[in-house]
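Fold the stuff below for me.
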Amino acid sequence: MDMQATNAYGQYSPKWQFRFSFFDRHGAPSSPAWKAAFKQLPFGEKLKLNINFFALFFGCLYFFCVGMWRKGLTLLGLGIALGVVSAFLPDAIGRGLFIAFNLLTAMTANYAYYLVKVKGDEGFNPFQGMRW
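Take a look at the predicted model:
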């Protein structure tokens with residue numbers, strides 16, 4: 001991590017400084033530059049950049065707690081809709097859908113937080129800029 005990024009994000013923990021500077025240098029996870037730089041990282045740094053474990057286990061509550069309430073509302077609405085749909089599906093499929101939804105939430109949390117805190121994007125889309 002370079003010194004300029006450390007000064008720009010000094011109020012955040014080293015983990016968030018690393019994430020923010022990576023997003024600053026390489027753009028959104030959907031960009032080719034991000035994908036190329038991501039492949040060069042060691043496994044631990046890939047994990048730190050790509051998954052937010054608090055969001056994995058707490059979902060939209062994590063989004064509410066860190067100030068991303070609009071994005072959290074979207075996730076809450078999607079979770080409720082997923083719950084209604086999964087009520088009509090076999091139990092194993094419903095559980096699989098919720099596991100996939102929680103993983104998706106965990107994978108979008110870091111970049112969504114970057115957009116809110118650094119770029120000032122207060123939108124409702126928690127999946128903005130994500131790779132598909």
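
my guess is F124 meets M68, correct?
No - judged on CB atoms under 8 Å, F124 makes no contact with M68 at a distance of 9.9 Å. Quick note: C-beta positions are derived from backbone N, CA and C, even for glycine.

So between those two, which is more surrounded?
Higher neighbour count among F124 and M68: M68, with 26 against 14, using other CB atoms under 10 Å.

what sits against F58?
C65 (CB atoms under 8 Å, 6 or more residues apart in numbering).

mind running it again at 10 Å?
Residues near F58 by CB atoms under 10 Å, 6 or more residues apart in numbering: N52, F64, C65, N102, T105, A106, A109.

measure it to F64 for me?
9 Å (CB to CB, to the nearest Å).

Over to Q40?
Relative to F64, Q40 is positioned 34 Å away (CB to CB).

again with N50
To F64, N50 is 22 Å away according to CB to CB.

How about I51?
Look at I51 and F64: by CB to CB, they are 19 Å apart.

same question, N102
Between N102 and F64 the distance is 16 Å, computed by CB to CB.

mind showing which ranges of the chain have poor pLDDT?
1-7, 132 (pLDDT under 70).

Longest helix in it, please.
The longest helix of the chain (DSSP state H) is helix 91-117.

Which strands or helices does that helix pack on?
Packing contacts for helix 91-117, counted by 3 or more CB pairs under 10 Å, 6 or more residues apart in numbering; DSSP states H and E, involve helix 14-26, helix 43-50, helix 53-58, helix 60-65, helix 69-86.
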